[in-house]
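Peer 1: Generate coordinates for the sequence data below:
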Amino acid sequence: MDCRSNSLLLKLFVFLTLLPMLALASEAQTSEHTETIQKIYSLLTNKQFDDAFELAVANQSEFEGAVEFDLAFGIAAKSSSNCSQGLFALERVVQAQPQSIAGRFTLANCYYELGNFP
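Peer 2: Numbering: from 1, shown residues only. Predicted coordinates for the structure are as follows:
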């Protein structure tokens, strides 16, 4: 075997060794993502709107762009009178899932509250 073959085998070995670890990390992040969204909705259900929004903001950099999180973020923003901060998240929801009634309704409410009529 020459050096290139050894290098290729080493890269393949490293890739195959790390692949299961990446899958576990992804599962852990998905679990954390789901738990965060559930906590946000739980706080909203208990009418703790400011706490729900604070939790959403604290996790924004990690989960924004995921439709489920963006919807929870937008609803929390609307519920805590922070519509201007929830607009982009709600617009992403409607862009990704035009059939989302909750996303469209919350976005329309924010537009109305802000006097922003497209």
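
Peer 1: So which residues of this protein form helices?
Peer 2: 3-45, 49-63, 67-79, 83-96, 101-114 (DSSP state H).

Peer 1: Out of those helices, indicate the one that is most buried.
Peer 2: Neighbour counts (mean count of other C-beta atoms under 10 Å) averaged over each of the helices of the chain peak at helix 67-79, with a mean of 24. (C-beta placed from N, C-alpha, C; glycine too.)

Peer 1: For that one, name the packing helices and strands.
Peer 2: helix 3-45, helix 49-63, helix 83-96, helix 101-114 (3 or more C-beta pairs under 8 Å, 6 or more residues apart in numbering; DSSP states H and E).

Peer 1: Contacts for it, please.
Peer 2: Here helix 67-79 makes contact (C-beta atoms under 8 Å, 6 or more residues apart in numbering) with 33, 36-37, 40-41, 43-44, 49, 52-53, 55-57, 59-60, 63-64, 83, 85-87, 89-90, 92-93, 96-97, 100, 102-103, 106-107, 109-110, 113.

Peer 1: now do 6 Å
Peer 2: Contact with helix 67-79 is made by 37, 40, 44, 49, 52-53, 56, 63, 85-86, 89-90, 92-93, 96-97, 103, 106, 109-110, as judged by C-beta atoms under 6 Å, 6 or more residues apart in numbering.

Peer 1: so it versus helix 49-63, what angle?
Peer 2: Angle, helix 67-79 to helix 49-63, by axes from the mean of the first three to the mean of the last three C-alpha atoms, to 10 degrees: 150 degrees.

Peer 1: what about residue 105, distance to residue 59?
Peer 2: 23 Å (C-beta to C-beta, to the nearest Å).

Peer 1: I misspoke; the intended subject was residue 93.
Peer 2: Distance from residue 93 to residue 59, by C-beta to C-beta: 16 Å.

Peer 1: Over to residue 96?
Peer 2: Using C-beta to C-beta, residue 96 is found at 19 Å from residue 59.

Peer 1: Spit out the contact partners of the closest residue to residue 107 other than its chain neighbours.
Peer 2: Excluding the flanking residues, the one nearest residue 107 by C-beta to C-beta, 6 or more residues apart in numbering is residue 90, at 4.0 Å. Shown in contact with residue 90 (C-beta under 6 Å, 6+ apart): 74, 103, 106-107.
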